[in-house]
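# sequence? don't have it. structure:
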């Protein structure tokens, strides 16, 4: 179990994360959603101890997480938004470095590298240095590197950023497979449909503050499961309804410039944060 | 164990960039040896100037080799590649990471220093280099690796590393007992320069080269620098809020 208690991060006068309290259960697929600058990456950076909180604490299975907490850190692996790897190492070297940092035996490192690079379709490029890989290959390599150590908690910071639609779906499938093994996954994304497809629960964050926290279905239900978009002089305006009948009644009275659809998590976020994302 | 991981990483880097590292370690010191030692032939304390110069250049090569191995690399890893994040999140104790960097950087400096001794060996100067000389070179390397680590944690951009070289390494290279004795400097300035780590390393290696005892003071001063900058590096990596 992962607990964030009163977690706050300030950079000078700017508060990036504002007194955040969260509890994430073991094996949960948890989404942190928010627009650019909401504080998602700052939270991940504090979870990976690259940044230290200004206030508050993080606990893993009841034990405080800090830079000295080797036992807690052993349970964590992170896939950062940026390609955080030595650019001059080959794929094999990147994997070996990761294995060594986690004290895996050489035999295990070799075996796992083999399996994961094969699984990700990267095996034939294993002698290529990172700087000569495409963006998609780098992203896959980061996933292989993170999974190599079989973490209990996987932190994913915008893992599909810059990926094409096909690669993104492949990534979703991969993450679902990983989550089957009761690995806790914390995903930050501004692709709302990604969170809706993958996450058991989501936290909506804006300007470092927790806005809403629940399952995607419950959040949609709370707003109203049916939406009608009406084109007005001010632009597109959405109205949400608890029942289909209510929505259809409204649609009939709204004229031709209106469409009916199911509410999505994106609607929840837009309604909550007051700004369009994705 | 974490120390071995860092040394492995340094070895991978050394093996890949062997020719570049070797060339970089040799070019500047060899130029100094040619210009000041062979081109402008003169004497110092009744001896050929080259005899004075070689121990100083060996110490200087150790300093620049160690400093550049860490400063540039760590700044790029921390600020550009973000590869330090991989280390921070791992269970490898961070003090072991620091120690590995210091030892690895010092070994790179030793390599540069040994190259100088190797290429000047055929000159048959009669200078003596004992195991203690190599211990001093290693200690000198650890001091400058540690300083490089601290500075790379302070760097705001990866272009800061070359600036540190201009501000610290270049002045020390010329002033710290490398090309001329600090005894010739004005009072006050001389005392400041003579306690700098390169001055001490040059003096001790030169004394051994001339068959004298290096004395204990230099070791203590170098150990003092190592301790102070080592502690700062450890405090930074554990406590710096925004690494």
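Right, received. Where do you want to start? No experiment lies behind these values; they were computed from the predicted model shown.

# what ranges of chain A fall below the confidence cut-off?
Low-confidence segments of chain A, defined by pLDDT under 70, are located at A:254-256, A:274-278.

# Which helix or strand lies directly C-terminal to the helix or strand of chain B with the lowest mean pLDDT?
Ranked by mean pLDDT, DSSP states H and E, the weakest helix or strand in chain B is strand B:43-44, scoring a mean of 67. Counting by DSSP states H and E, the element after strand B:43-44 in chain order, helix or strand, is strand B:47-48.

# do the helix or strand just after that following strand and chain A meet?
Using DSSP H and E, the helix or strand that follows strand B:47-48 in sequence is helix B:49-75. No - counting by C-beta under 8 Å from any C-beta of the partner chain, chain A has no neighbours in helix B:49-75; the shortest distance is 9.5 Å. Every residue, glycine included, has its C-beta placed from N, CA and C.

# now helix B:49-75, how far from the chain's geometric center?
On the basis of C-alpha atoms, centre = their mean, to the nearest Å, helix B:49-75 is displaced by 5 Å from the centre of the chain it belongs to.

# If you count contacts, what does it end up packed against?
Counting contacts by 3 or more C-beta pairs under 8 Å, 6 or more residues apart in numbering or on different chains; DSSP states H and E, helix B:49-75 is packed against helix B:18-32, strand B:43-44, helix B:94-120, helix B:131-154, helix B:160-164, helix B:170-175, helix B:197-209.

# Please point out which parts of the fifth one sit buried.
When you say that, I think you mean helix B:160-164. Neighbour-count burial for helix B:160-164, with 16 or more other C-beta atoms under 10 Å in any protein chain shown as criterion, is recorded at B:160, B:161, B:164.

# where among the helices and strands packed on helix B:49-75 is the average confidence lowest?
When those are compared by mean pLDDT, strand B:43-44 comes last with a mean of 67.

# if I look at the closest residue to residue B:119 other than its chain neighbours, how far off is residue A:3?
Computed as C-beta to C-beta, 6 or more residues apart in numbering or on different chains, the closest residue to residue B:119 that is not its neighbour in sequence is residue B:30, at 6.9 Å. Using C-beta to C-beta, to the nearest Å, one gets 60 Å for the distance from residue B:30 to residue A:3.

# Equivalent analysis for residue A:12, please.
As defined by C-beta to C-beta, residue A:12 lies at a distance of 27 Å from residue A:3.

# got it, and residue A:71?
Here the distance between residue A:71 and residue A:3 works out to 16 Å (C-beta to C-beta).

# Between the two, which has more neighbouring residues?
The neighbour comparison of residue A:71 against residue A:3 (other C-beta atoms under 10 Å in any protein chain shown) goes to residue A:3, with 17 against 12.

# tell me the SS of that one?
Assigned by DSSP: H, G, I helix; E, B strand; the rest coil, the conformation of residue A:3 is strand.

# Provide the count of other residues in contact range of the nearest residue to it once chain neighbours are set aside.
Residue nearest to residue A:3 in three dimensions, not counting chain neighbours: residue A:59, with 4.3 Å by C-beta to C-beta, 6+ apart. Summarising burial for residue A:59: neighbours were counted as other C-beta under 10 Å, giving 16.

# Show me which residues of chain B sit near chain A.
By the rule C-beta under 8 Å from any C-beta, the part of chain B lying against chain A is B:1-2, B:4-5, B:8-9, B:12-13, B:16, B:77, B:81-94, B:237-243.

# The host helix or strand of residue A:187 pairs with which strands?
Residue A:187 belongs to strand A:184-189 when elements are defined using DSSP H and E. Sheet pairing for strand A:184-189, assigned by DSSP bridges, gives strand A:29-33 (parallel), strand A:153-157 (parallel).

# Please identify the most buried of these.
Per-stretch averages of neighbours, counted by mean count of other C-beta atoms under 10 Å in any protein chain shown, single out strand A:29-33 among the strands paired with strand A:184-189, with a mean of 26.

# Compute the distance between residue A:28 and residue A:160, please.
Between residue A:28 and residue A:160 the distance, using C-beta to C-beta, works out to 20 Å.

# I should have written residue B:38 there, sorry.
Taking C-beta to C-beta as the measure, residue B:38 and residue A:160 are separated by 62 Å.

# again, but for residue B:188
Separation of residue B:188 from residue A:160 (C-beta to C-beta): 63 Å.

# Those two: which is more packed in?
For residue B:188 against residue A:160, the residue with the higher neighbour count under other C-beta under 10 Å is residue A:160, and the figures read 20 against 8.

# On the three-state scheme, the more buried one is what?
Residue A:160 - assigned by three-state DSSP - is coil.

# Could you check how far the nearest residue to it once chain neighbours are set aside is from residue A:10?
Distances taken as C-beta to C-beta, 6+ apart place residue A:168 nearest to residue A:160, at 4.5 Å, with adjacent residues excluded. With the distance defined as C-beta to C-beta, residue A:168 ends up 34 Å from residue A:10.

# Tell me which stretches of chain A form helices.
Taking DSSP state H, the helices of chain A run over residues A:40-47, A:70-73, A:91-101, A:106-119, A:135-148, A:165-180, A:192-198, A:216-223, A:244-254, A:265-273.

# winner for burial among those helices?
The highest average neighbour count among the helices of chain A, using mean count of other C-beta under 10 Å, belongs to helix A:40-47 at a mean of 24.

# That one packs against which elements?
If contacts are counted by 3+ C-beta pairs under 8 Å, 6+ apart, helix A:40-47 sits against strand A:2-11, strand A:14-24, strand A:29-33, strand A:76-79, strand A:153-157, strand A:184-189.

# Please state the offset of that helix from the chain centre?
Distance of helix A:40-47 from the chain centroid (C-alpha atoms, centre = their mean) equals 11 Å.

# Report the central residue of chain A.
residue A:187 (1.8 Å; C-alpha atoms, centre = their mean).
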